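Student: generate a structure from the sequence data that follows.
(chains A and B)
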Protein chains: 2
Amino acid sequence: MTETFVIAQGGGPTAVINQTLIGAVLEARKRYPRSRILGARHGVRGIRDGDFVDLSALNEKELQLIAATPSAALGSTRDKPDAAYCETILKGLRQAGATAFIYIGGNDTAGTQQILAEASGNDIAFVHAPKTIDNDLVENDHTPGFISAAEFVAGAFVSVDLDFRALPGIYVGIVMGRHAGFLTAAAAAWQLDEDSGPHLVYVPERAFSPARFIEDIRETLGRHGRCIIAMSEGVTAEDGRSVVEGLVPPERLERDAHGNVRLSGGDLGMSIERLINDGLPGTRARVDTFGYLPRGSVSTINATDAREAFEAGVFAVEATSSGGGSVALQCDNGVTIPRLVSLGSVAGKTRHMPADFLLPESNQISSSCRAYLERLLPRRFELARPFV
Amino acid sequence: MTETFVIAQGGGPTAVINQTLIGAVLEARKRYPRSRILGARHGVRGIRDGDFVDLSALNEKELQLIAATPSAALGSTRDKPDAAYCETILKGLRQAGATAFIYIGGNDTAGTQQILAEASGNDIAFVHAPKTIDNDLVENDHTPGFISAAEFVAGAFVSVDLDFRALPGIYVGIVMGRHAGFLTAAAAAWQLDEDSGPHLVYVPERAFSPARFIEDIRETLGRHGRCIIAMSEGVTAEDGRSVVEGLVPPERLERDAHGNVRLSGGDLGMSIERLINDGLPGTRARVDTFGYLPRGSVSTINATDAREAFEAGVFAVEATSSGGGSVALQCDNGVTIPRLVSLGSVAGKTRHMPADFLLPESNQISSSCRAYLERLLPRRFELARPFV
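Tutor: So this is what the prediction gives:
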């Protein structure tokens, strides 16, 4: 039998998601020299619509260039198929003659693979390859895409901290992350010294209190003469709702097909700016929403991240011959190793930042968080401490 | 006589302003081995308050590390001294025994040097060394700090464009720049092909029409299936006022000591987002405010920019022995050369983007703008064209 691999990419792109794609393509070609390898455009939509790219036809140089290019070369989708949609996908896979389907994405993508695996017979192997800047997949020590995005955030905060040493004030950088605070906490990865920002870190895992927030800033200004803040777009109020939901008039809230409120806008930033202006009038305060900048930046493609993403793709092909499942990056004595876990153990679940990554009494990262970040993201350069 | 150099940094920091500082320190030490070199903390405030760092005492390794660190190591200030303040500064310089004062900054900084030079006798040489990410100094082909910030913007836009090829929609990135659009136009420096964003560029030099804006987007969506937009924070309406002023309730407008409306907030972004939601309802639209991220990023310190900034500092010391003035980076047959021009020719003047840098009939950059950007900022890497 000739193997036919179908590969697709789902969810938000990352800087290294194409490494996983190309890792899988090259491994499939190596193991099964006569195999067909089809890339589905825009995730499962391409399978539904029969819209494929023949990846078998490309030469190695072209493939390496794709691997080094950020974002999803095949296009992506936010579709989260239900049972009926999954039937259509199965039909599309069978029409294409697929013997294996590798879907690169986050926990929703793993969920799609789980439904497909359960609905099909044993004719197709379903493999989920991990990808998310949010770092929120269970069973994984960290996820491909996270380190590069974290490098962007770490670099941005060490830079802005230096800027605000020169011209003091309050700075808030709002970072993507609906349920997990890992990427926001990465703001602290490259701190220079005890005086360095971010001085305060607000993540979805800990309830946000506006009154406490203002007090935290006031205290930080007293100690450091400036206050640098990293905040997740998904910070939640004490009632469990996202802060954005509590602050924005209901008619202006944008929801996706799953009822999730859209967080990636300027609403939170504007609300935080007003909160600071009201609570600490007259103090220079600036809020930037990082938005899409960290997630696929050509300027911060981390070499470790790129290599691990590639290896996850290689391993995904290996996994097709052992019945399928979800590829998980696990950490064994400090070494990252891809292992195969069940789709059900990853699908639809969210890994939160461990509670002990923040100090119990203040919104600052703990030594265990720092150790985690330094293992993944050692600072690559030396910087001088300014004279001020 | 023993030379005493006072050096200070003014205005918004850049990624390479410390290169200029250290270029001046090393050149002063070379030319005048017994000279004293004092760094004033927070610009002219340090001179007023007698708050100096002894830069003569540092070893070369320490100095090189400072040079490689973004932002103003001496601290900066937004103070724009009047005649009385300038008298205090002169007094401070004389108390410090200054024979030369090198002030690194933009056109306001040149203005301070001009007032000081006119108010003093000939006992102190006043030199302005150029620095601004806005690229808005007359007499200069480009300014130290611009290329690094432009590299950030160019990298961000080529990355976001790839992201929006994968998940289509409208994207607006708002970039610093009150009066000059150079940094915003740099968004187009690394376009991959004819399909690449930014598809539309809005700068302060051309009046912004909301109705035309929506039409431009609609047309772009028809042609490219997505629309990537670069917009200066200082875009102006047809009545000459900044768009921010027209959109934000007067009580919420923040003004600085000079009456300038603060632009670096989320107000413009939110207004633009609403404008798009109203004009093109149901289309996915995202707006990010880049804010402080481009101006001193450790991840995008451009080597040419660093070298030129260093050389501007070296040349500033040379200029102290020829009566002072403003150091200008000029372009001679494609080679950047520092020259000395009068303080009055630079002080308080704004260089705008040439009118022919935008096409006459559309908000797109022209071939002359592209040639300028490619000369300063060649793309350093190859990228693959996505399959979508």
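
Student: for the rest of this, base every contact and every neighbour count on C-alpha atoms.
Tutor: OK.

Student: care to break chain A down by domain?
Tutor: A:4-132+A:298-346, A:147-295+A:354-376 (automatic domain parsing).

Student: how about these in TSV, adding mean neighbour count, mean pLDDT and distance to residue B:82?
Tutor: Output for the domains of chain A, formatted as TSV (neighbours: other CA atoms under 10 Å in any protein chain shown; pLDDT from 0 to 100; distance: least, CA to CA, whole Å):
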stretch	mean neighbour count	mean pLDDT	distance to residue B:82
domain A:4-132+A:298-346	22	96	42
domain A:147-295+A:354-376	20	92	20
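
Student: turn the ones you listed into CSV, columns for distance to chain B.
Tutor: Output for these, formatted as CSV (distance: least, CA to the nearest CA, whole Å):
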stretch, distance to chain B
domain A:4-132+A:298-346, 4
domain A:147-295+A:354-376, 4
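
Student: run through who's touching stretch A:367-378.
Tutor: A:147, A:150, A:151, A:185, A:186, A:188, A:189, A:190, A:334, A:356, A:357, A:358 (CA atoms under 8 Å, 6 or more residues apart in numbering or on different chains).

Student: for the third one, helix, strand, or coil?
Tutor: Spelled out, it's residue A:151. Following DSSP: H, G, I helix; E, B strand; the rest coil, residue A:151 is assigned to helix.

Student: quick check: it touching residue A:302?
Tutor: Yes - counting by CA atoms under 8 Å, residue A:151 touches residue A:302, with 7.2 Å between them.

Student: quick one, what contacts the residue nearest the centre of chain A?
Tutor: Residue closest to the mean C-alpha point of chain A, counted by CA atoms, centre = their mean, is residue A:133 at 1.4 Å. Applying CA under 8 Å, 6+ apart, we find residue A:133 in contact with A:14, A:143, A:144, A:145, A:146, A:147, A:149, A:150, A:183, A:295.

Student: let's go with 10 Å and repeat that
Tutor: A:12-15, A:106, A:142-150, A:176-177, A:182-183, A:294-296 (CA atoms under 10 Å, 6 or more residues apart in numbering or on different chains).

Student: and what of residue A:110?
Tutor: A:10, A:103-104, A:116, A:126-130, A:137, A:325-327, A:342-349.

Student: please apply the same query to residue A:168.
Tutor: By CA under 10 Å, 6+ apart, residue A:168 lies in contact with A:161-162, A:221, A:224-228, A:283-285, B:75-77.

Student: same check on residue A:293?
Tutor: Contacts for residue A:293 (CA under 10 Å, 6+ apart) come out as A:149, A:152-153, A:175-176, B:155-157, B:159-160, B:163, B:173, B:288-290, B:293.

Student: narrow these to those in helices?
Tutor: Members of the contacts of residue A:293 lying in helices (criterion: DSSP state H): A:149, A:152, A:153, B:155, B:156, B:157, B:159, B:160, B:163.

Student: so which of those residues comes closest to residue A:44?
Tutor: Closest approach between the ones in helices among the contacts of residue A:293 and residue A:44, by CA to CA: residue B:163, at 17.7 Å.

Student: return the residues in contact with the closest one.
Tutor: So residue B:163 contacts A:12-15, A:70-73, A:75-76, A:292-293, A:295-297, B:157, B:169 (CA under 10 Å, 6+ apart).

Student: which residue ranges form the helices in chain A?
Tutor: Using DSSP H, helices in chain A cover A:17-31, A:44-49, A:60-67, A:83-95, A:107-119, A:146-166, A:182-185, A:210-224, A:243-247, A:267-279, A:303-320, A:343-346, A:367-376.

Student: make a markdown table from those and add distance to residue B:371 to it.
Tutor: Output for the helices of chain A, formatted as a markdown table (distance: least, CA to CA, whole Å):
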| stretch | distance to residue B:371 |
| --- | --- |
| helix A:17-31 | 31 |
| helix A:44-49 | 39 |
| helix A:60-67 | 26 |
| helix A:83-95 | 48 |
| helix A:107-119 | 44 |
| helix A:146-166 | 29 |
| helix A:182-185 | 38 |
| helix A:210-224 | 45 |
| helix A:243-247 | 44 |
| helix A:267-279 | 37 |
| helix A:303-320 | 32 |
| helix A:343-346 | 50 |
| helix A:367-376 | 40 |
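
Student: residue B:45 is nearest to which of those helices?
Tutor: Closest among the helices of chain A, using CA to CA: helix A:146-166, at 12.3 Å.

Student: tell me what angle the closest one forms with helix A:367-376.
Tutor: Comparing the axes of helix A:146-166 and helix A:367-376 via axes from the mean of the first three to the mean of the last three CA atoms, to 10 degrees yields an angle of 110 degrees.

Student: got the angle between helix A:146-166 and helix A:303-320?
Tutor: Following the same axes, to 10 degrees, one obtains 160 degrees for the angle between helix A:146-166 and helix A:303-320.

Student: just how off-centre is helix A:146-166 within its chain?
Tutor: Here helix A:146-166 is found 17 Å from its chain centre; the criterion is CA atoms, centre = their mean, to the nearest Å.

Student: okay, that helix in CSV with CA atoms only?
Tutor: In CSV, the C-alpha atoms belonging to helix A:146-166 read as follows (Å, rounded to 0.1, in the frame of the first residue of the first chain):
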residue,chain,number,x,y,z
PHE,A,146,6.1,29.3,23.1
ILE,A,147,9.8,29.9,23.4
SER,A,148,9.9,32.2,20.3
ALA,A,149,6.9,34.2,21.4
ALA,A,150,8.4,34.3,25.0
GLU,A,151,11.6,35.6,23.5
PHE,A,152,9.7,38.5,21.9
VAL,A,153,8.0,39.3,25.2
ALA,A,154,11.2,39.0,27.3
GLY,A,155,13.1,41.3,24.9
ALA,A,156,10.3,43.8,24.8
PHE,A,157,10.1,44.1,28.5
VAL,A,158,13.8,44.4,29.1
SER,A,159,13.9,47.1,26.4
VAL,A,160,10.9,49.0,27.7
ASP,A,161,12.2,48.8,31.3
LEU,A,162,15.4,50.5,30.1
ASP,A,163,13.3,53.2,28.3
PHE,A,164,11.4,53.9,31.5
ARG,A,165,14.6,54.1,33.5
ALA,A,166,15.5,57.0,31.2
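
Student: of all the contacts of stretch A:367-378, which comes closest to residue B:122?
Tutor: For the contacts of stretch A:367-378, the nearest to residue B:122 is residue A:190 (47.0 Å; CA to CA).

Student: make TSV out of the domains of chain A and add distance to residue B:197.
Tutor: Below are the domains of chain A laid out as TSV (distance: least, CA to CA, whole Å):
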stretch	distance to residue B:197
domain A:4-132+A:298-346	15
domain A:147-295+A:354-376	15
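
Student: out of those domains, which is closest to residue B:386?
Tutor: It's domain A:4-132+A:298-346; of those, that one is closest to residue B:386 (CA to CA) at 4.3 Å.

Student: start and end of the closest one, how far apart?
Tutor: Length of domain A:4-132+A:298-346, first residue to last, CA to CA, to the nearest Å: 25 Å.

Student: chain center to it, what's the gap?
Tutor: 16 Å.

Student: next up, the contacts around residue A:201.
Tutor: By CA under 10 Å, 6+ apart, the contact list for residue A:201 reads A:172-173, A:181, A:184-188, A:228-232, A:358, A:362-365.

Student: so which of those belong to strands?
Tutor: In strands, defined here by DSSP state E, the members of the contacts of residue A:201 are A:172, A:173, A:228, A:229, A:230, A:231, A:232.

Student: for residue A:216, what are its contacts?
Tutor: A:199, A:200, A:210, A:227, A:362, A:363.

Student: which one of those residues sits closest to residue B:83?
Tutor: Taking the contacts of residue A:216 together and measuring to residue B:83 by CA to CA, the closest member is residue A:227, at 33.5 Å.

Student: quick one: contacts for the closest one?
Tutor: Applying CA under 10 Å, 6+ apart, the residues near residue A:227 are A:161, A:164-165, A:168-172, A:196-200, A:216-221, A:285.
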